[in-house]
Every structure is written in C-alpha cells, then in structure tokens.
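Asker: I need the structure of the sequence given here:
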Amino acid sequence: MDAIAGDTKKIGIGLTAAGLLFTLLGVVLFFDGALLAVGNLLFLSGVFLILGMERTKNFFFQKSKLRGTAFFFTGILMVIFKWPKIGFAVELFGFLNLFGNFVPHVILVARHTPGVSKVMELPGIKQACDYLSKGGESKKANAAV
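Answerer: Numbers count the residues shown, from 1 in each chain. Take a look at the predicted model:
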C-alpha cells in the first residue's frame, strides 16, 4: 500500500510541476487563457494527489486562509471565463496568501542547491531573497529592536 501512496505522490509532483510550467507558458505567451486554465487544473490536481482529500480540504478551508482560498479560486474562475489578465492577478494574490509562508523555505533550499546557489548570490537577487526570507521586515525595523 505504501508503494501506491508513493506513486500517487510522484504523479502529484509531476502534475504540480506541469501545472506551474503551463502557467508560466501562459504568462509568457501574453496571458493565453487556455494555457493558464490548463495550468490551474494541473496544479490543483497535483496538490490534491500530493496531500490527499482530507488534508487538501483542511489546507484550503482553514479559517486563517479563507481569504486566500477565495481569491485563488475566484482568479481561476475568471481565467476560465475569459478574463485571463485580471484573473491571473487575482489568482496570484490568493496564491501568495495561501503559500506565502513557504517562500523562506524555498529560498533556503535554493541557496543550498549546487547550480542555483551561484545565481542566488548575484547582487539584486541576493537582496531580494534576504528581504523575502525575513518575511518582508526592513533593516530599520530590525535595527530599532
């Protein structure tokens, strides 16, 4: 049974990655609604397969994340109903509300990844990553403490 769960998670990771790729292509190709819609569906399918039914429901419908969930799904509906630019902006706002607390972890992993660590040390990227990994706190606020 563990092999089945492991395979399901692997498929979920693949679907999530494909969803992010389709979304990126949709943005690069001037907010192509079809690519954005397919990317959204693949991303949601992948998250569902990775987390499972109960954990997905618990994640999206936590009281503290309801605003992010509402914006995220409203943005997806706007993309599906032919408002890709506005829908993507609304969806991005919801996505950042839902998954924003994972950003410091992603930056930490990227800084320890062999090829990516060199890019993370470039002048503009380093300051942006430092800012994001501290949760947006400014240096003045840290100095005052």
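Asker: my guess is residue 27 contacts residue 87, does it?
Answerer: No: with contact defined as C-beta atoms under 8 Å, residue 27 does not reach residue 87; the gap is 11.8 Å. All C-beta spots, glycine's among them, are computed from the backbone N, C-alpha and C.
Asker: neighbour count winner among these two?
Answerer: residue 87 (23 against 17; other C-beta atoms under 10 Å).
Asker: What's the separation between residue 25 and residue 19?
Answerer: In this view, residue 25 and residue 19 are 11 Å apart by C-beta to C-beta, to the nearest Å.
Asker: ok so, going back, tell me, what's touching residue 27 and residue 87 both at once?
Answerer: residue 36 (C-beta atoms under 8 Å, 6 or more residues apart in numbering).
Asker: Report the buried residues of the longest helix along the chain.
Answerer: Identified as the longest helix of the chain according to DSSP state H is helix 2-28. Buried residues in helix 2-28, defined by neighbour count with 16 or more other C-beta atoms under 10 Å: 12, 15, 16, 18, 19, 22, 23, 26, 27.
Asker: Report all helices and strands that the very next helix or strand once past that helix contacts.
Answerer: The helix or strand immediately downstream of helix 2-28 is helix 33-51, counting by DSSP states H and E. Judged by 3 or more C-beta pairs under 8 Å, 6 or more residues apart in numbering; DSSP states H and E, the packing partners of helix 33-51 are helix 2-28, helix 53-60, helix 66-80, helix 84-99.
Asker: what comes up buried for the third one?
Answerer: In other words, helix 66-80. 68, 69, 71, 72, 73, 75, 76, 78, 79, 80.
Asker: again, but for the shortest one
Answerer: Using 16+ other C-beta under 10 Å as the test for burial, helix 53-60 gives residue 60.
Asker: got the CA coordinates for that helix in CSV?
Answerer: Extracted C-alpha coordinates of helix 53-60, given in CSV (Å, rounded to 0.1, in the frame of the first residue of the first chain):
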residue,chain,number,x,y,z
MET,A,53,-8.6,14.6,0.1
GLU,A,54,-8.8,15.4,3.8
ARG,A,55,-5.5,17.4,4.0
THR,A,56,-6.3,19.4,0.9
LYS,A,57,-9.7,20.3,2.3
ASN,A,58,-8.1,21.2,5.7
PHE,A,59,-5.4,23.3,4.0
PHE,A,60,-7.7,25.4,1.7
